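Trainee: quick one: sequence plus predicted model below, questions after.
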Amino acid sequence: MNPPIPEITNLPTSSAGSAVVEAPPVAHLQLSEVVTKVEALVRREFSQTVFWIVAEISSLSFGKSGYCRMELCEKEQGTSFLKASIKGYIFRPKAEQVLTHFRQQTGRDLQKDMRILFQARITFHKQYGLSLDIDFIEPLFTLGELQQARRRSVSRLQEAGEYHLNRSLSFPIVPQRIAIISAYDAKGYQDFVSKLEANSHGILFRHSLFPAVMAGAMAPQDICRQIIDIFKRADHYDVIVIVRGGGGFMDCFEDYKLARAVARVPIPVLVGIGHTSNNSLVDEVAHHSAITPTAVADFLIERVISYERQMAALHTRIRREASRTLAIYSQQAEHQHKTFRRMVYQFTFRNDAQLVQLRHRLERESADMLNDAAHQIQTLEANTAIRAKKLLYDYLCRVDSFSGRIQRGGRSLLSTQMVHINHTEEKVRLLDPRNILKRGYSLTTLNGKAITRASEVKSGDTLITQLFEGQLISRVENKDE
């Protein structure tokens, strides 16, 4: 229980009347003394004790001097409620040893949101407070956590019927239109393209790069965005290739959302992400995976070469079958030709008399048909001449009728236009300025310009007034506007 705060009454006053506050006589400690006591307590109770601790990394950073600093926490299971948190450090020189061992065993670096089992001692620093000094991180625990996460992801994909979707797609017979997801400067991308373009068989591949971040926390989202973009142009590509260079770690390729996008896209996906350890989750759901980008290129080249070999073999087989069939039919045709000739000879020999009679009959009937045709032609010529004369007569009558109508219409139009011209001429004559002046009007000008308002002249101006006969020259002495 905190000590009671003493009541301060009857404060002395200064000569100015303001209260003078003096420190109450309460026992107290300096902060450094309290911190020293805590430091001694921690050292006494925990300096010789090493704990195995399970925690989640909520943040991670590395100092310039080579140490590793992390924020460790424990959350309520199934929620984001924070039950506990503390700082953890791995100091030099053991930081490099601990982190290297963890990387070699798990194939990945420490990262945010990773659960770890570690061995540590509790320490307290006067300036930095309570923390954990980490001596060792158990990689098998983390591998178990990752395997459990992998199993959960696989189970979700299988339950949704999506795990085998991409692998079940029919692979293109000639995969020459390739959408590549990689980084601009990735060595794996450059190796892949170089391998395709330098193939010794002269096969032409058309490829497009869809750039994406290929490592780190942003990689899954970036790759998914490019998969969606390719899906919108699905008719333009035969396959999707995801490649990156070796080195680094494949945590992003264990992402459930990325694996689901690869599984669901209706275009075969080929993966070559430069690793020699166990396959990633994306490798499992992709249509085909290879260890390196160049191995993916070899796979595509081999598929096209295989198609060309099949076509060449089929062409050879067709030619062979065609030659064999042609030989068989040639023999059959030769045999049938000989048989037909023999039959024709026999028929001709036996039916020579009938052929003579048939010839005479054909000659008679042909002559009759020619005579009938000649008579029909003469009748047709006569009928055609009569009809042509009648048609010509009808057209001439119509031309005469049209000519009379055109002449009558022309005279009527000419008369109307003459009346209009005379009327216009009369209007022009009436508007002649001389006729207007003749009726008593006049035209006054100043320097050759007609005056219509008094405001256009000033006193002393010389004006010329044009009458029907003659002019008047006057000077302005006064004006009334």
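Mentor: Received the coordinates, thanks.

Trainee: which parts of this structure are strands?
Mentor: For the chain, strands defined by DSSP state E occupy the ranges 51-62, 68-75, 82-90, 115-125, 129-138, 177-182, 206-211, 239-243, 269-272, 288-290, 443-446, 449-450, 462-466, 471-475.

Trainee: any chance of the ones you listed in a markdown table, with mean pLDDT too?
Mentor: Below are these laid out as a markdown table (pLDDT from 0 to 100):
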| stretch | mean pLDDT |
| --- | --- |
| strand 51-62 | 91 |
| strand 68-75 | 92 |
| strand 82-90 | 92 |
| strand 115-125 | 90 |
| strand 129-138 | 92 |
| strand 177-182 | 96 |
| strand 206-211 | 95 |
| strand 239-243 | 96 |
| strand 269-272 | 95 |
| strand 288-290 | 92 |
| strand 443-446 | 86 |
| strand 449-450 | 84 |
| strand 462-466 | 86 |
| strand 471-475 | 87 |
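
Trainee: among the ones you listed, which is the most enclosed?
Mentor: For the strands of the chain, the largest average neighbour count (mean count of other C-beta atoms under 10 Å) is found in strand 239-243, namely a mean of 27. C-betas here are computed from N, CA, C, even on glycine.

Trainee: need the longest helix for the protein.
Mentor: Taking DSSP state H as the criterion, the chain has its longest helix at helix 352-430.

Trainee: before we move on, the earlier item: now the strands of the chain in JSON lines, with distance to Ala327?
Mentor: Listed next are the strands of the chain as JSON lines, based on distance: least, C-beta to C-beta, whole Å:
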{"stretch": "strand 51-62", "distance to Ala327": "79"}
{"stretch": "strand 68-75", "distance to Ala327": "82"}
{"stretch": "strand 82-90", "distance to Ala327": "84"}
{"stretch": "strand 115-125", "distance to Ala327": "77"}
{"stretch": "strand 129-138", "distance to Ala327": "78"}
{"stretch": "strand 177-182", "distance to Ala327": "43"}
{"stretch": "strand 206-211", "distance to Ala327": "44"}
{"stretch": "strand 239-243", "distance to Ala327": "44"}
{"stretch": "strand 269-272", "distance to Ala327": "46"}
{"stretch": "strand 288-290", "distance to Ala327": "45"}
{"stretch": "strand 443-446", "distance to Ala327": "116"}
{"stretch": "strand 449-450", "distance to Ala327": "112"}
{"stretch": "strand 462-466", "distance to Ala327": "118"}
{"stretch": "strand 471-475", "distance to Ala327": "122"}
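
Trainee: against Ile178, how distant is Ala297?
Mentor: In this structure, Ala297 lies at 9 Å from Ile178, with C-beta to C-beta, to the nearest Å as the measure.

Trainee: quick check: neighbours shared by those two?
Mentor: Residues touching both Ala297 and Ile178 (C-beta atoms under 8 Å, 6 or more residues apart in numbering): Leu196.

Trainee: tell me how many other residues crowd Val296.
Mentor: Using other C-beta atoms under 10 Å, Val296 has 28 other residues around it.

Trainee: partners of the closest residue to it other than its chain neighbours in the sheet?
Mentor: Take Val296 and drop its neighbours on the chain: the residue closest to it by C-beta to C-beta, 6 or more residues apart in numbering is Gly272, 3.7 Å away. Note on Gly272: beta-bridge partners by DSSP bridges are Val243, Ala290.

Trainee: hang on, Gly272 packs against Asp191?
Mentor: No: Gly272 lies out of contact with Asp191 (C-beta atoms under 8 Å); the separation is 9.3 Å.

Trainee: Ser59 and Gln111 touch, don't they?
Mentor: No: the pair Ser59 / Gln111 is not scored as a contact, 10.4 Å apart, by C-beta under 8 Å.

Trainee: run a quick neighbour tally on Val42.
Mentor: By other C-beta under 10 Å, neighbour count at Val42 equals 16.

Trainee: how near is the nearest residue to it once chain neighbours are set aside to Ala183?
Mentor: Leaving aside its chain neighbours, Val42 sits nearest to Phe124 (4.1 Å; criterion: C-beta to C-beta, 6+ apart). Look at Phe124 and Ala183: by C-beta to C-beta, they are 45 Å apart.

Trainee: that'll do, ta.
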